[in-house]
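Chemist: Pasting a predicted model and its sequence here:
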Amino acid sequence: MTAHPTSPYFKDNAHEALQDEQLQKALSNVRQGFIDKRAAVAAKLPEFEALRDSARDIKNHTLANLDLYLEAWENKVTDSGGHVHWARTAEEARQAIVDICRKAGAKTVTKGKSMISEEINLNAAIEAAGMTPVETDLGEYIIQLRNEAPSHIIAPAVHLNATQVESDFRRVHTHLDPNRDLSEPVQLLTEARQVLREKFLAADVGITGANFLIAETGTSVIVTNEGNGDLTQILPKIHIVVASLEKLVPTLDDVSQILRVLARSATGQEMSVYTTFSTGPRRPGDVDGPEEYHVVVLDNGRSAMLGTSFQDMLRCIRCGACMNHCPVYHAVGGHAYGWVYPGPMGAVLSPSLIGVDKAGHLPNASTFCGRCESVCPVRIPLPKMMRHWREQEFERHLTPATVRSGLGLWAFFAKRPALYQFASNLGMKAMAWFGRDKGKFKSLPFAGGWTDYRDFPAPQGGTFQEQWKARKGGRA
Amino acid sequence: MSARDEIFASVRRSLGVNGHEMPRREAVRERIAKAPRGIVPERGQLSGEALLTLFEEQALSTLATIDRVKGRDKVPDAIADYLRRSNLPARLRMGADERLAAMPWDKTALEISHGKSDGSDLIAVNHAFAGVAETGTLIITSGPDNPSTLNFLPDYAIVVVDAKDVRGAYEDVWQRLRERDGKGHMPRTVNWITGPSRSGDIEQKLLLGAHGPRSVHIVLVE
Ligand code: SF4
């Protein structure tokens, strides 16, 4: 089993999220921060758009030859003294990791930030085996204390405010002075740094994800700003990398192309602080670094996406830009999506990985505004793919009866243009008349889903078709 | 079938291939062998003083600090001076790098210890393999000369980089590393370091010194 989804209840989740004041306050940080930073840093690099094409092409080429690149990469890992473990399912990946930890007699297992480890629900398995997993990315550490899932793929605690973090630290760090001052974010950071430093030094095994696996050299790459991933992997005796198979890229030059668009798209930095290339275990003469290096490669439904209309989704480099720019994500946050991957990328990926029956609502959570595709560094056509899912959902009769009959009604009129114009004209005139005083409606029959949260504007100045005609097809 | 075989079979089934197609195998072999460069930004295509200036500006924009010195002999003094200016103790840890070892540390009052870090060192110095002007990035390769723990455990990281090792783009440094270690071979760890450690995880506010060094000080040697 993978991490337990609440995606089938997306509508309820979203409803709750919209009422949650703390969440709404925290989400304003996403709306303000990420968008401007990305735009500014992209504007500073004239080659940015061309690099996006390049990143897309590299990923497409790799996916088309994924079997051969996986082989080449595996040979290189083995040559450099590392071990590769293949996992078809989340269960197999968990098992492989727990076995390595057990064999090492591990007690404390530190972890760098890894969405794959969330996908396979790794922490629960490590705990069940009697070991203590410690998340070391500040955001991941905070949500681990709260027993929550990440709400964003690169900013896992973006749904929280500093006061919430403060009360969690007071609740858990009971060995520290209860009267200490934690009113400033930097004090929270310093406290986490101290607490986690001890864990880093005590850890027997360190687990990281990988942003890339490089076929040319058998290397895994992590990208962080904190340095926690590095302390996780260089201090313990054993370093385990857990990565899904689409992380492959051919060469060091190829990865450099993609790195030029990753941080810019993600945090709006020109380059993240730490980009680390790890190849095998420590070498003869080395004074630090792990004695063992393992990579657990996860499929979990991805190989079946190749060759389908969802293959393009496997280009995703998990930068988070699509959710940073998504009006739906801005409104409801990441938890509403109900599974590991939120936002537009989650709406496309989750149905592939856990089934359209469970995650079929997610592709509906889109206005099709197209901002996600316009910022995606590897140019994934996210809206088009959400449409694919909607079609599949409809074809498989998973769409609710109200929506089906609504669509049926619309189809009836759409096939009869004269009737459509007559009816829409009539409806519009009636609404304009009723709404003529205030110019908007506070509630409307059958439209509670809209008017519960915002007013519905009263129509003004004729139907779309009338206006279109008057403006000569928009050319006027 | 083993998990491995089944994954390969599934990938191939989905792609409609069998893995024995010669043109595919040739294309993959060639791409790995030739490692084509792709798009390299204009920005770093400079030389001489212009290249070093770009490196310096970019490093400063990542909130690193930088001193430029003329000649390796000047490095210990420059570092002693930096520590004094920053009100830091005159105590340093470093690895076995020969370039560092050959510097006149005994002419300063600095107390030097050697080896990896166990977490108790406040200040460490490593010698970079290269600098990349494009983004002000330092590239440090692991080994007894420059242990990786010195890049991450101390609160203050000092990195010495030779001006002649500063390149415009990452690709130029990969080329040098291939020449040093052989194509397809890598040291255990290659660290790209672009500024001091930071986190934005609390309310998206930028805070320095998350887990790694709060400060990165570069000494650029001409
Ligand atoms: S879909 Fe594109 S924008 Fe979204 S996380 Fe993936 S790479 Fe980034």
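Modeler: In hand now; what should we look at?

Chemist: What is the strand or helix carrying A:L18 packed up against?
Modeler: For A:L18, the host element (DSSP states H and E) is helix A:10-19. When contacts are defined as 3 or more C-beta pairs under 8 Å, 6 or more residues apart in numbering or on different chains; DSSP states H and E, helix A:10-19 packs onto helix A:327-332. Placement of C-beta: from N, CA and C, glycine included.

Chemist: Put the alpha carbons of the following helix or strand past the helix it packs on into PDB.
Modeler: Sequence-wise, the next helix or strand downstream of helix A:327-332 (DSSP H and E) is helix A:343-354. Output of helix A:343-354 as PDB, limited to C-alpha atoms (Å, rounded to 0.1, in the frame of the first residue of the first chain):
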ATOM      1  CA  GLY A 343      -1.400  21.000  -7.400                       C
ATOM      2  CA  PRO A 344      -1.500  20.600 -11.100                       C
ATOM      3  CA  MET A 345       1.300  18.000 -11.200                       C
ATOM      4  CA  GLY A 346      -0.500  16.000  -8.500                       C
ATOM      5  CA  ALA A 347      -3.800  16.300 -10.400                       C
ATOM      6  CA  VAL A 348      -2.200  14.600 -13.400                       C
ATOM      7  CA  LEU A 349       0.200  12.100 -11.600                       C
ATOM      8  CA  SER A 350      -2.000  10.900  -8.700                       C
ATOM      9  CA  PRO A 351      -4.700   9.200 -10.900                       C
ATOM     10  CA  SER A 352      -1.900   7.300 -12.700                       C
ATOM     11  CA  LEU A 353      -0.400   6.100  -9.500                       C
ATOM     12  CA  ILE A 354      -3.400   5.400  -7.200                       C
END
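
Chemist: which ones are touching A:E166?
Modeler: Counting by C-beta atoms under 8 Å, 6 or more residues apart in numbering or on different chains, A:E166 touches A:L182, A:S183, A:L188.

Chemist: out of the residues you listed, who's near chain B?
Modeler: A:L188 (C-beta under 8 Å from any C-beta of the partner chain).

Chemist: Show me which of the contacts of A:E166 are buried.
Modeler: A:L182, A:L188 (16 or more other C-beta atoms under 10 Å in any protein chain shown).

Chemist: Taking helix A:343-354 as reference, get the angle to the helix holding A:L18.
Modeler: Between helix A:10-19 and helix A:343-354, the angle comes out at 150 degrees (axes from the mean of the first three to the mean of the last three C-alpha atoms, to 10 degrees).

Chemist: so which of the contacts of A:E166 comes closest to B:T149?
Modeler: Ranked by distance to B:T149 (C-beta to C-beta), the contacts of A:E166 are led by A:L188 at 25.6 Å.

Chemist: Looks like the closest one contacts A:L176 (just checking).
Modeler: No: between A:L188 and A:L176 there is no contact under C-beta atoms under 8 Å: 11.9 Å.

Chemist: Give the closest residue to residue 82 in space, chain neighbours not counted.
Modeler: As the question left the chain open, I've gone with chain A. Sequence neighbours aside, A:Y293 is the residue nearest to A:G82 in space, at 4.1 Å (criterion: C-beta to C-beta, 6 or more residues apart in numbering or on different chains).

Chemist: let's do chain B instead
Modeler: B:H217 (5.8 Å).

Chemist: That neighbour looks like it's in a strand, true?
Modeler: Yes: when DSSP: H, G, I helix; E, B strand; the rest coil is applied, B:H217 is found to be in a strand.

Chemist: ok, it to B:E49 distance?
Modeler: Here B:H217 is placed at a distance of 21 Å from B:E49 (C-beta to C-beta, to the nearest Å).

Chemist: The two: which is more packed in?
Modeler: Set side by side, B:H217 and B:E49 show more neighbours around B:H217, with 24 against 10, by other C-beta atoms under 10 Å in any protein chain shown.

Chemist: Look up the residues forming beta bridges with that one.
Modeler: B:T65, B:I158 (DSSP bridges).

Chemist: That one contacts B:R85, correct?
Modeler: No: applying C-beta under 8 Å, one finds B:H217 not in contact with B:R85, separated by 10.1 Å.

Chemist: one step back: from the chain's centroid, how far away is the helix holding A:L18?
Modeler: Put simply, helix A:10-19 sits 19 Å off its chain's centre (C-alpha atoms, centre = their mean, to the nearest Å).

Chemist: Now the element after that helix, going C-ward?
Modeler: Per DSSP H and E, the first helix or strand lying C-terminal to helix A:10-19 is helix A:21-43.

Chemist: and the residue nearest to the spatial centre of chain B, what element?
Modeler: In chain B, the centroid-proximal residue (C-alpha atoms, centre = their mean) is B:I139; its distance is 1.9 Å. Here B:I139, judged by DSSP H and E, is contained in strand B:137-141.

Chemist: List the neighbours of that strand that are in contact with it.
Modeler: Strand B:137-141 has contacts (C-beta under 8 Å, 6+ apart) with A:271, B:58, B:126-132, B:146, B:148, B:151, B:159, B:161, B:170, B:173, B:177, B:187, B:189-194, B:216, B:218.

Chemist: same check, this time on stretch A:346-364
Modeler: A:2, A:5, A:7-8, A:10-11, A:119, A:300-302, A:304-305, A:310, A:313, A:316, A:323, A:334, A:337-341, A:365-366, A:380, A:382, A:385-387, A:389-390, A:392-393, A:396, A:398.

Chemist: same thing with stretch A:384-393?
Modeler: A:309-310, A:312-313, A:344, A:347-348, A:351, A:356, A:360, A:362-364, A:366, A:368, A:373, A:399.

Chemist: Counting neighbours, show which residues of that stretch come out buried.
Modeler: Residues of stretch A:384-393 classed as buried: A:M385, A:M386, A:H388, A:W389, A:R390, A:E393 (neighbour count, 16+ other C-beta under 10 Å).

Chemist: For the ligand, what is the nearest residue in the stretch 51-200 of chain A?
Modeler: Here the stretch 51-200 of chain A gets closest to the ligand at one residue, A:I153, 6.4 Å apart by C-beta to the nearest ligand atom.

Chemist: scratch that, chain B is what I was asking about
Modeler: Nearest residue of chain B to the ligand: B:G200, at 17.1 Å (C-beta to the nearest ligand atom).

Chemist: Show me what from chain A comes close to the ligand.
Modeler: Residues of chain A lying near the ligand by C-beta under 6 Å from any ligand atom: A:C316, A:I317, A:R318, A:C319, A:G320, A:A321, A:C322, A:M345, A:C376, A:P377, A:V378, A:I380.
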